[in-house]
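[1] Provided below for reference: sequence and predicted model.
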Amino acid sequence: MVFSSNPLSLSVPESAFESWLRDSGYLEVLDQRTTELHRLNAANSSSATTTTNARFRPPSTVSSVPNSAFRTAVPATTVTAIAYGLVMSIVSSLVTLFSVFTLNPFWKLTNDDFSGKTPSWTHGFVGSCDSYSFPSSPAQARLRVHENVKRFARNYATLFILFFACTLYQLPLALVGLVSCLALWDFFRFCNDRWVFDEYPVIQQILTRSAQCASAIILLFSNVQTALFFTFAVSYAVMVLHASFRKLTPTKQPPKRQRR
């Protein structure tokens, strides 16, 4: 969103205006405004390049220099400018994409983000084709990741459980090891309730350490760590990519007007 200049309005610095939008909760306006500013800067850069190339066009009145030389130089300059712009665009996109994987998306998470209502999977989480766009800058990608991870925390947790279940289905030995550990600790709790190990803290401490060592050995030999590694890797990649490409939307959608 680009605001046109108004002589009757006060002049507000860009940083102060963005800070006000962030503090007031208008994150979707800030996200759209960042995209529009990037488009304007790109358009200004392309127009400046076109103007620069136009200055080197051969005048019609010059007869001392052959036209073939200008015909050779002008396309070469244009191709060089286009190639330079394309390379810079690719490099900028790669830098933005790499910056997404270097930030910590969990530093704004709180317990309230997991205790709230789960956003809808169709309209809220997935959305439509217009709900996605490539982040125009690392700052915009960082803003999207932090806010979308807070908003869709319960959705990402559900996806993690789903990916972990699929990984255990592909690795039956890991599933057996995980079930064995759960059964071992359930048996330990049953024995603790039956013989009241709380009255014998030394014996309880020894049995607890023995159960922990047995669980570690079972998990190590059943390759549960491999299942967890693949689950974390896939879940993290899906979460970061979805959060960075998903546009910010208002937390509460405005009510639809009823047709008369």
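    Everything's here; your move. Numbers count the residues shown, from 1 in each chain.

[2] which intervals of the stretch 51-200 of the chain have sub-threshold pLDDT?
    In the predicted model of the stretch 51-200 of the chain, residues 51-76 satisfy pLDDT under 70.

[3] so what's Val240 up against?
    Val100, Phe101, Pro105, Val145 (CB atoms under 8 Å, 6 or more residues apart in numbering). Yep, even glycine has a C-beta here, placed from its N, CA and C like the rest.

[4] ok, Arg142 - how many residues close by?
    For Arg142, the neighbour count with other CB atoms under 10 Å is 18.

[5] er, Cys166 I mean
    If you count neighbours by other CB under 10 Å, Cys166 ends up with 14.

[6] so what does the top helix by length along the chain touch, helix or strand wise?
    Across the chain, the longest stretch assigned as helix under DSSP state H is helix 67-100. When contacts are defined as 3 or more CB pairs under 8 Å, 6 or more residues apart in numbering; DSSP states H and E, helix 67-100 packs onto helix 27-55, helix 138-151, helix 224-245.

[7] same thing but 6 Å
    helix 27-55, helix 138-151 (3 or more CB pairs under 6 Å, 6 or more residues apart in numbering; DSSP states H and E).

[8] re the thing from before, return a PyMOL selection command for the buried portion of the contacts of Val240.
    This is the PyMOL syntax for the buried subset of the contacts of Val240, where burial follows 16 or more other CB atoms under 10 Å:
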select buried, resi 100+105+145
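
[9] Between the contacts of Val240, which sits nearest Ala233?
    Comparing the contacts of Val240 against Ala233 with CB to CB places Phe101 closest, at 11.3 Å.

[10] and the gap between Gln225 and Phe232?
    Using CB to CB, to the nearest Å, Gln225 is found at 10 Å from Phe232.

[11] swap that for Phe188, please
    As judged by CB to CB, Phe188 and Phe232 stand 27 Å apart.

[12] same check, this time on Ser180
    22 Å.

[13] what sits up against stretch 146-163?
    Defining contact as CB atoms under 6 Å, 6 or more residues apart in numbering, one finds that stretch 146-163 is touched by 27, 105, 108, 113-114, 118-119, 125, 231, 234-235, 239, 243, 246, 248.

[14] buried set for it?
    146-156, 159-160, 163.

[15] and what of stretch 185-203?
    Taking 16+ other CB under 10 Å as the criterion, stretch 185-203 shows Phe188, Phe197 as buried.

[16] Can you tell me what sits against that stretch?
    With CB under 6 Å, 6+ apart as the test, stretch 185-203 has contacts from Gln204, Ala211.

[17] again, only using 7 Å
    Gln204, Leu207, Ala211 (CB atoms under 7 Å, 6 or more residues apart in numbering).

[18] what's the nearest residue to His125 if we skip its chain neighbours?
    One thing to correct before we go on: residue 125 is Phe, not His. Sequence neighbours aside, Asn155 is the residue nearest to Phe125 in space, at 4.9 Å (criterion: CB to CB, 6 or more residues apart in numbering).

[19] repeat for Val224
    Ala174 (4.7 Å).

[20] Would you agree the one you found falls within a strand?
    No - using DSSP: H, G, I helix; E, B strand; the rest coil, the assignment for Ala174 is helix, not a strand.

[21] What separation is there between it and Thr110?
    For Ala174 relative to Thr110 (CB to CB), the value is 32 Å.

[22] Equivalent analysis for Ala141, please.
    For Ala141, the distance to Thr110 - CB to CB - is 22 Å.

[23] swap in Phe221?
    Distance from Phe221 to Thr110, by CB to CB: 38 Å.

[24] now Phe187
    Phe187 is 36 Å from Thr110, by CB to CB.

[25] Among Ala174 and Thr110, which residue is more densely surrounded?
    Neighbours per residue (other CB under 10 Å) separate Ala174 from Thr110, with Ala174 holding more: 21 against 9.

[26] any idea how far that one lies from Gly124?
    According to CB to CB, Ala174 stands 33 Å off from Gly124.

[27] same thing with Ile218?
    The gap separating Ile218 from Gly124 is 40 Å, by CB to CB.

[28] All good on my end, thank you.
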